[in-house]
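Chemist: Give the three-dimensional model of this entry:
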Amino acid sequence: MKAGSLRSKLLLVFLLLGNLGSGSAQEAPGVFDNWGSWRGAENWLQFHLNKLAFEHLERRRQAIEALQTSEDWKKRQQIVRDKLAQLLGPFPEKTPLNARVTATHQKEGYRVENIIFESMPNFHVTGSLFIPDGLDGKAPAILNVIGHTGIAYRSHSYQHLILNLVHKGFIVFAIDPIGQGERLQYYSPEREESLVGGSTTEHSYLGRQCFLTGTSAARYFTWDGIRALDYLESRPEVDPERLGVTGISGGGTQTSYIAAVDQRVRAAAPANYICGFHRLFESIGPQDAEQNFFAGVANGIDHADFLEARAPRPTLVVATTRDFFSIQGARETVAEASKAFEALGELDHLVIVEDDYGHGYTVKTREAIYAFFQEHLMNPGDPTDHEVKYLKMPELQISETGQLIGSIDGETVFSLNKRYADDLIRQLEASRAQVSNHLSRVRDTAVEMAGVKAPPDVEPPVFRGRYPREGYDLELYGLKAEGPTTLPVYLLKPSEGVTGSALLLDSGGKSAALNSSLAAELVGRGYLTLIPDLSGMGELGQVSNAVSFIGVQVGRSVVGIRASEILTCIRFLQQQSDSEIVGLARGGVGTSLLHAALLEPSVQTIILIDSPVSYRSMVESRFYRISFADVVPGALTAYDLPDLKAALAPRTILMINPVNALLNPASDALLKRDLEFVREAFKGTGSPDSFSVHQWQSEEQIGRFVRSVLDR
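Modeler: Below is the predicted model:
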């Protein structure tokens, strides 16, 4: 764009402003105030994603309804197993377990061996093997995977189940899940705690990095369980034909995965988890990262598939009526899966046991678990639940310090995922060597992977009132967007005539943008200024883990949805003018602007303030602060943020104060490494000056620079 042309053009300026500071702040009216049909707007994003999920699940239901014969179900089982291998994988090759016993304690009627093994090279799993005294030959063994308790199986609730099983003649191997027990992934020996939070926080923190590489935390949890079964098979006391697995809550999740993919599991008893995604999403929503697959629902996977993939091997579903995992969903899931067990000739091999309780074990459910394993692992006896004498914490300490970090210099999920990401980056760099072909693929792939959709026809906006202010009138509108969403927007009309148009965005919502210094500058210089909230901003609520993980499951990122909403805003302004567009974004919303610009050639100038340099920096940093709302799951399998910028050449792109994964100023080394390809792409189009990076220390400097760009 030539100098001097912008002021005579329609300028669409995208601003995601932190606290740019202004004069005296004025109270901003709510667009949705006193408008009944717009109540509950903070839930619209989740409702929309739920609807997309339910559409996938309805297609799955129709496919299940068509299954009639045993051959139909066997074909379905193979489809599910192949999909699970894809969604949970790629599983690594099996390598030596290098198991070792760190301590042995003889107790009354059994002994405990504390064990460390490697599920992958130098990736250590801690656990305790409980072996009954007086075994006569090989005995059945049960893998106990644990729910979201920080101390894992050392909790009395878990010990109660374990020791009852041991006293009934079962060998039990209890292992620490990732992020729990002695396997905290972000443990600080100096502070003696996780640096990011509790177990579910750890799971989602590392899981978000896994999603960026197109994998999931579930892969690591499941593989640990598979290798734990390998360890049990290696023990001379264990009968490999009589293996079981059980766990509650997050352990129920792990049980479902392991038993679905590992044919050695003769009997499985997932507790307080199975409920179906439809009931889960419409109630508490998806839980932490390992309980979600990358595009799992989009691939037609539901909880019933974990049971049906096992049919007709014995399976017990444990549920409680007051659990936050829906009892209605548990019943419906078992009812569907029963059709598979019946078709395969063993209807009585799928059983559900219920009790009236919240989230946890009861005497009734524990006794059902004992009786189930006694029957199907051929170890008959009395299923009565007994009081037990719990072990003390030191007796179940496995590593030297009580945490692997600080005891063993081993791998973490972060380091393993980083290595996997390194391979993806190498593939990206190889693809970039063929610049034209690579960027052509990026334009299509990024839109598809993010889930950017062309906006619906722009409906007439709903006018909500006018507020005269000094130098401009503030008008309020509701602008219909995708799904149930109406975008609440402010329109600032300069009093002295219009010289251009602008659209301002703020991660804190339109109210913050309204009182920013740049908003005042724009309207003061004659720009017709539109300020909307996008999904997860301002009057449209926030983006929770649950909401973003539904997006992961259905293949629609928040980035893509916001990009579609940006396109809706563009269409709205294009009804007033067909001139060129300038886009300016501050912070993570710049990722949505870049994706939107791929579909909107009228966006000719983009200014990014405080925007992340790359997704690569997020997977390479053990700690990060980039919001998952600004991340496209799976992106690194095909592109990164620099590729988007390169794909937009020769348009003008200016970066001001780019940031790293911790949202701190990006180093010169990071900028050189991740932006060199962008610079080369712009050179290749004959417009090397159209891409530039600037560092300004103060908001006043930023304001002066932006004004200078607009005055060209």
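
Chemist: residues of the helix or strand of the chain with the lowest mean pLDDT that come out buried?
Modeler: Across the helices and strands of the chain, the lowest-confidence element by mean pLDDT, DSSP states H and E is helix 699-710, at a mean of 77. Judged by neighbour count (16 or more other Cβ atoms under 10 Å), helix 699-710 contains these buried residues: 699, 702, 703, 705, 706, 709, 710. (Each C-beta comes from the backbone N, C-alpha and C, glycine too.)

Chemist: All the strands of the stretch 551-700 of the chain, in order from the start?
Modeler: The residue ranges that make up the strands of the stretch 551-700 of the chain, judged by DSSP state E, counting those that start in this stretch, are 581-586, 603-609, 652-656, 691-694.

Chemist: What residues of the third one count as buried?
Modeler: Under the neighbour-count criterion of 16+ other Cβ under 10 Å, strand 652-656 has 652, 653, 654, 655, 656 buried.

Chemist: Name the nearest residue to residue 486, sequence neighbours excluded.
Modeler: Closest residue to residue 486 apart from its sequence neighbours, by Cβ to Cβ, 6 or more residues apart in numbering: residue 478 at 4.5 Å.

Chemist: Tally up the residues packed near that neighbour, please.
Modeler: The burial metric for residue 478, expressed as a neighbour count using other Cβ atoms under 10 Å, is 20.

Chemist: Is it correct that residue 439 falls within a strand?
Modeler: No: inclusion of residue 439 in a strand is not indicated when DSSP: H, G, I helix; E, B strand; the rest coil is applied; the result is helix.

Chemist: how much space is there between it and residue 254?
Modeler: Taking Cβ to Cβ, to the nearest Å as the measure, residue 439 and residue 254 are separated by 41 Å.

Chemist: now swap in residue 95 and tell me
Modeler: Counting by Cβ to Cβ, the gap between residue 95 and residue 254 amounts to 21 Å.

Chemist: higher neighbour count, the two?
Modeler: residue 254 (29 against 13).

Chemist: Assign a three-state SS to the more buried one, would you?
Modeler: Classification of residue 254 into helix, strand or coil gives helix, according to three-state DSSP.

Chemist: cool, and residue 489?
Modeler: Taken by three-state DSSP, the conformation at residue 489 corresponds to strand.

Chemist: For it, name its beta-bridge partners.
Modeler: The residues listed as beta-bridge partners of residue 489 by DSSP bridges are residue 477, residue 532.

Chemist: In the stretch 501-650 of the chain, what residue spans correspond to helices?
Modeler: Using DSSP state H, counting those that start in this stretch, the helices found in the stretch 501-650 of the chain span residues 510-514, 517-524, 545-554, 558-574, 590-599, 616-620, 641-647.

Chemist: Buried residues in the second one, which are they?
Modeler: Within helix 517-524, the residues that qualify as buried by neighbour count (16+ other Cβ under 10 Å) are 517, 518, 519, 520, 521, 522, 523.

Chemist: did I read that right, residue 105 in a helix?
Modeler: No: note on residue 105: no helix contains this position according to three-state DSSP, which reports strand.

Chemist: Show me what it bridges to in the sheet.
Modeler: Listed by DSSP bridges, the beta-bridge partners for residue 105 are residue 112.

Chemist: how far away is it from residue 393?
Modeler: In this structure, residue 105 and residue 393 are 12 Å apart, going by Cβ to Cβ.

Chemist: what do you get for residue 43?
Modeler: Distance of residue 43 to residue 393, computed by Cβ to Cβ: 43 Å.

Chemist: No more questions from me, cheers.
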